[in-house]
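J.: Sequence first, predicted coordinates after that:
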Amino acid sequence: MSAFANVGASSAPPPPAPPAPEPRPGARKVPRPLGATPLSHLRAAGIALAVLIVLFGVVYPLIVTGFAQLATPETANGSLVEGPNGTVVGSILVAQNLSLPSLFWERPSVTDYEMTLGTPAPLGPADPALRAEVLGYLALYHNYTVNGTNATLPGNFTEWILTDSASGVDPDLLPVDALVQIPRIAQHTHLSESELTALVNQHIQGPPLGLPGPSYVNVLQLDLALVSLPGY
Amino acid sequence: MIDPYSLWGVVVLFGLVLALAPYLGSYIGRVYLGRPAFGDAFWGPVERGLYRLMGVDPRRSMRAREYLTALLLVNGLLWLWLFLWFLLQPSLPLDPNRVGGMRWDLAFHSASSFTTNTDFVHFVAESQVSQGTLLLAVEVAMFVSAATGLSVMVAFVRSLTRKDGTIGNFYVDLVRSNTRVLLPLALLGSVGLVLLGVPETLRAAITLPTLAGGSQTIVLGPVASFSSISLLGSNGGGWYTANAASPLANPSELSNLFEAGLMLLLPLSAPFAFAQIVRRPGEGMPFLGTTLSVLVVAMALFVFFQASANPDLSGLAGVTAGTNGYPVGQETRFSLVGASAFQVVSVYSNVGASNMALGALSPGGQLVLLFGMFTQSTPGGVGTGFGTLLTFLLLAVFVGGLMVGRTPEYLGKKIDQGHVRWAAVLLLVHPLLILVPTGVAVLGGFDTLTAVGAGGTAAPLQAHAFTTVLYEFTSEASNNGSAMAPIADTTPFFNLAGGLVMLLGRYLPILAMLTIAGRFSEEDVLPPGPGTLRTRSATFMVYLTMFVIILTGLLFLPVMALGPLSQMGF
């Protein structure tokens, strides 16, 4: 602090009192002029900061929160969704661990979908460990346990479901990565593969108006629809 | 690979921002000239009351030295406020998630980071920072640091029109930047983000039972208002550690484009504000043209590098490539073009927000991002980026004038060796602040960043490790804030060296810009003569673009060759 005060002191001597270069319209009274002493600078800076702290730390977020709670209460509170028995089971925007054999699975997460653990550090393209990681995830999606015995699900997955996302909680899959999980789910529910295919197709989100572009499915939304089907 | 839908999204985004920029720029110009502007009826009395409380005479204009003193004083107090919050947050209010206190070196790094508009984080926001710190310290710093940048730009530009030795009143510029520019835009941005589905609540976190019978904690808060100023003010800090990759902070392709627009808004309005303040319509065009041409080429290159398939993932049984480019460290809901546009815009305007994992990018993509931080002026951070480009332009006029035998003058102000000396300081501080700490970290054995994922010592991994350290200090020196290595870098060395680099990388260039401004403000304005170099031409714009690219290339080519270029096989 003293360093700043010294700079202020040394700049004190010649205030050349320039003729007001920018007369502000509407400024009727002339406020007390600022003497160029360190103390008056400290006062100006301190008061300015104190006012800005209240304005931006308290008033601004409260105004926006008030608006959001009135305009879009559902998304403003985190896009939470209820499960089949009416309790909140998650946020539609946040991937969660869904690795039951009878559910569609999410993209993998090294932080086990826990936001407070930070984000994953996906491997660089030159890292030999990346190939091993992809093969590991592939084995995970191909093999699963049912009634204590191992089962295998063949099929081609894309690189997307076999690699880490940026957030660790990417809630979406390419439609093809959902479709390839259908045989496993059909085995574990009373639903036919064609019913499940129809379900996935209903949940594909993409560009509006049928334009060509990237499309995906939200896995939690898909699973919530799945568990509420009569044959589940 | 590149679908028209995503491409058109980015084209429309740029079109909209460029359609708004002249109006916003002209409004900003009027605000800083003190001319009647929208909002006077409301803000006029508030501001007058505030000046009286502060003991400031708004009509008193300061010389450069006093302006700098006031700026450093406000920033110093802000730094102290942040440092105390980070250090003492467990005993301060608003800590519902029960986070701990920070070690002093991490608090030093964090306080320096948010004061300098960098927002480089060495902590996990969800578990290491309280809501009180985020709102009362960090969010305030996001406004004040952006206002500081705007003030520097305006003072610099104003000096070109002055002869009385003064460049404006810092306290007035600070207040008006906040009330007239940042707050209204941040409110509009927040409304947009709220409508696009970003959370905005006073609840801090919810722990809930998941569908498969587990348990999960969803971290919430006033995310929309926080992200809005973070992006607008070229801060880049995120409520979530995953930043703009977090699906809560950036829920869709549309929100992704909207956020990219928020980041572009002030940087692309700056040339129009400049033209308004110097009262010469059209003089902003070389700035805009240079910025846009560098930005568009960078985006195209980035998409090209990211679209190329990764050789290491091909030919695995049971794996197909999928659509939409290279997936590692990317989010499914964004298109390749949309995600890339966001990331390039973010790094080139020194926001530093990320919607992808930068450590997993192709080496070519990393090179493109590094180049933007090396120039730090196309468009660069709010205010300071434009100031840097203006300094580049002064150098270009000086050098070009010597080459073609014209008088080195700009807008009637002579450019002599005094200006050029400080312009050279601004230019050379940047490589020094990047190369010296990178060298110390790598040679001195302090490099702990690259323990992440480094599976061996093969040559491409060594180059990747070098790039990671280089990226760290480049991001800090340019007050950017994006990072390649997430949260593995909390050793005292990286905290202290990084904090120092951010402070010097912020205030040395500001010192250089205000010193040049001080000299301009004391000089007469000459009428244009036959020997005046015309800066309002397409030729000059092309020359300025090449000048920026070649100068940056010369300064940084060796270090690019050690990192990303060697990874690309050169």
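T.: Now that the structure is in, tell me what you want to look at.

J.: Spell out the residue ranges of the strands in chain A.
T.: With strands called from DSSP state E, chain A shows them at A:80-82, A:88-91, A:143-146, A:149-152, A:157-158, A:172-173, A:204-205, A:216-218.

J.: out of these, deepest packed?
T.: For the strands of chain A, ranked by mean neighbour count under the definition mean count of other C-beta atoms under 10 Å in any protein chain shown, the leader is strand A:172-173 at a mean of 28. (C-beta placed from N, C-alpha, C; glycine too.)

J.: nearest spatial neighbour of the residue in the stretch 251-400 of chain B that chain A sits nearest to, skipping sequence neighbours?
T.: Of all residues in the stretch 251-400 of chain B, the one sitting closest to chain A is B:Gly322 (3.1 Å; C-beta to the nearest C-beta). Closest residue to B:Gly322 apart from its sequence neighbours, by C-beta to C-beta, 6 or more residues apart in numbering or on different chains: A:Thr158 at 3.1 Å.

J.: got the contact list for that neighbour?
T.: For A:Thr158, the contacting residues are A:Leu174, A:Val176, A:Asp177, B:Val319, B:Thr320, B:Ala321, B:Gly322, B:Thr323, B:Pro327, by C-beta atoms under 8 Å, 6 or more residues apart in numbering or on different chains.

J.: One more pass at 6 Å, please.
T.: A:Leu174, A:Asp177, B:Thr320, B:Gly322 (C-beta atoms under 6 Å, 6 or more residues apart in numbering or on different chains).

J.: What is the neighbour count of the third one?
T.: With neighbours defined by other C-beta atoms under 10 Å in any protein chain shown, the count for B:Thr320 comes to 17.

J.: Give me the distance between A:Ala139 and A:Thr152.
T.: Using C-beta to C-beta, to the nearest Å, we find A:Ala139 at a distance of 10 Å from A:Thr152.

J.: Any stretches of chain B with poor pLDDT?
T.: Counting by pLDDT under 70, the ranges of chain B that qualify are B:1, B:309-312, B:448-460, B:486-489.

J.: Need the nearest residue in space to the residue nearest the centre of it, chain neighbours excluded.
T.: Residue closest to the mean C-alpha point of chain B, counted by C-alpha atoms, centre = their mean, is B:Asn350 at 2.2 Å. Leaving out its chain neighbours, the residue that sits closest to B:Asn350 by C-beta to C-beta, 6+ apart is B:Gly381, at 3.8 Å.

J.: mind listing what the one you found touches?
T.: Residues near B:Gly381 by C-beta under 6 Å, 6+ apart: B:Asn117, B:Gly149, B:Ser234, B:Asn350, B:Asn479.

J.: Kindly give a single ChimeraX line that selects the buried subset of the residues you listed.
T.: One line in ChimeraX is enough to select the buried ones among the contacts of B:Gly381; burial here means 16 or more other C-beta atoms under 10 Å in any protein chain shown:
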select /B:117,149,234,350,479
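
J.: Among the contacts of B:Gly381, which ones are in helices?
T.: Filtering the contacts of B:Gly381 for membership in helices, criterion DSSP state H, returns B:Gly149.

J.: Need the contacts of B:Gly381 in TSV (columns: distance to B:Phe170).
T.: Shown next, in TSV, are the contacts of B:Gly381 (distance: C-beta to C-beta, whole Å):
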residue	distance to B:Phe170
B:Asn117	16
B:Gly149	13
B:Ser234	20
B:Asn350	22
B:Asn479	19
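
J.: In terms of secondary structure, what does the biggest helix by length in chain A contact?
T.: Looking across chain A with DSSP H, the single longest helix is helix A:38-54. For helix A:38-54, the helices and strands in contact under the criterion 3 or more C-beta pairs under 6 Å, 6 or more residues apart in numbering or on different chains; DSSP states H and E are helix A:2-10, helix B:40-54, helix B:64-88.

J.: The same query, at a cut-off of 10 Å, please.
T.: Contacting helix A:38-54 under the criterion 3 or more C-beta pairs under 10 Å, 6 or more residues apart in numbering or on different chains; DSSP states H and E are the following elements: helix A:2-10, helix B:40-54, helix B:64-88, helix B:140-159, helix B:170-176.

J.: Can you tell me which of the ones you listed is packed in deepest?
T.: That would be helix B:140-159, which, of the helices and strands packed on helix A:38-54, has the most neighbours on average (mean count of other C-beta under 10 Å), namely a mean of 28.

J.: what separates it from the chain centre, distance-wise?
T.: For helix B:140-159, the distance between its averaged C-alpha position and the chain's averaged C-alpha position is 13 Å (C-alpha atoms, centre = their mean, to the nearest Å).

J.: now stretch B:297-305
T.: With C-alpha atoms, centre = their mean as the basis, the distance from the averaged C-alpha position of stretch B:297-305 to the chain average is 19 Å.

J.: can you check stretch B:214-226 too?
T.: Distance, centroid of stretch B:214-226 to centroid of chain: 25 Å (C-alpha atoms, centre = their mean).

J.: so where's chain A shaky on pLDDT?
T.: For chain A, the ranges with pLDDT under 70 are A:1-36, A:145-148, A:209-212.

J.: Map the structural domains onto the sequence of it.
T.: Taking automatic domain parsing as the reference, chain A has its domains at A:1-7+A:36-77, A:81-227.

J.: next one: phi and psi at the nearest residue to B:Gly149 once chain neighbours are set aside?
T.: Of all residues not flanking B:Gly149 in the chain, B:Gly383 sits nearest, at 3.0 Å (C-beta to C-beta, 6+ apart). In terms of degrees, to the nearest 10, the main-chain angles of B:Gly383 are phi 80, psi -70.

J.: Identify the residues contacting B:Gly383.
T.: B:117, B:145-156, B:177, B:233-234, B:266-267, B:270, B:273, B:510, B:513 (C-beta atoms under 10 Å, 6 or more residues apart in numbering or on different chains).

J.: Ok, A:Asn150 next?
T.: Contacts of A:Asn150 were listed using C-beta under 10 Å, 6+ apart, and they are A:Asn143, A:Tyr144.

J.: That one and chain B, how far apart?
T.: Between A:Asn150 and chain B the computed distance is 17 Å (C-beta to the nearest C-beta, to the nearest Å).
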